[in-house]
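> with the sequence up front, the predicted model follows.
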Amino acid sequence: MNVLAFSYLDLPAVNAALNLAATLLLVAGYALIKARRETAHKWAMLSAFGVSSVFLVSYLTYHQLLYANEGIRGRPFAGPEPLLSIYRVLLLSHVVLAVTVPLLAGMVMYYGFRDDRPRHIRWARRAFPIWLYVSVTGVVIYVLLYHVYPPVGG
């Protein structure tokens, strides 16, 4: 067995790690701007955007390979029926808000690069909690799907 072998089945763990990294960078960026360390804040937030961009490519790659190899679009929730509704609400809110993150983050960065602070701050106040929620719930969904209620036979 080659311990260095990597397959598309490893991508969910990579994606969770990327989401966790984005979460930590977002929190660090927030703390840095509160401490008035603007340059460090800028680099933390740009790093969060970079990590989130890599996540998006990895996520889309995983789902395409999952469909190509197994004919399924995603892993079904294997937890108990009473938790299924809660999981679906979590997943739906995560997905709907995740679609907004690139646009919101793009607006925040645009106004930041233009040094339009009032608009940058206004957009950041909307984008930050949504982006943070999406990053955190991405990790929670991964833990639920692959560790708390792992797929049958996996």
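Nice, thanks for sending it over.

> show me how far stretch 135-145 is from its chain's centre.
Here stretch 135-145 is found 9 Å from its chain centre; the criterion is Cα atoms, centre = their mean, to the nearest Å.

> for that stretch, which residues meet the burial criterion?
The neighbour-count check on stretch 135-145 (16 or more other Cβ atoms under 10 Å) flags 135, 136, 137, 138, 139, 140, 141, 142, 144, 145 as buried. (Glycine included, C-beta is placed from N, CA and C.)

> stretch 120-134 too?
Buried, per 16+ other Cβ under 10 Å, within stretch 120-134: 120, 123, 124, 127, 128, 131, 132, 133, 134.

> again with stretch 4-12
8, 11, 12.

> tell me the one among these nearest to residue 59.
residue 11 (7.7 Å; Cβ to Cβ).

> check the closest one and give its pLDDT.
On pLDDT, residue 11 comes in at 97.

> spit out the contact partners of it.
58, 59, 61, 62, 65 (Cβ atoms under 8 Å, 6 or more residues apart in numbering).

> ditto for residue 137
Residue 137 neighbours (Cβ under 8 Å, 6+ apart): 90, 93, 94.

> which of these fall in helices?
Residues of those located in helices (DSSP state H): 90, 93, 94.

> now, of the contacts of residue 137, which are buried?
Burial by neighbour count, 16+ other Cβ under 10 Å: within the contacts of residue 137 this picks out 90, 94.

> using TSV, lay out the ones in helices among the contacts of residue 137 together with pLDDT and distance to residue 104.
Output for the ones in helices among the contacts of residue 137, formatted as TSV (pLDDT from 0 to 100; distance: Cβ to Cβ, whole Å):
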residue	pLDDT	distance to residue 104
90	97	20
93	98	15
94	98	15
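
> flag the shaky bits of this protein, pLDDT-wise.
Applying pLDDT under 70 to the chain flags residues 1-3, 153-154.

> show me the helices in it, by range?
Counting by DSSP H, the helices of the chain are 11-34, 38-70, 81-113, 117-143.
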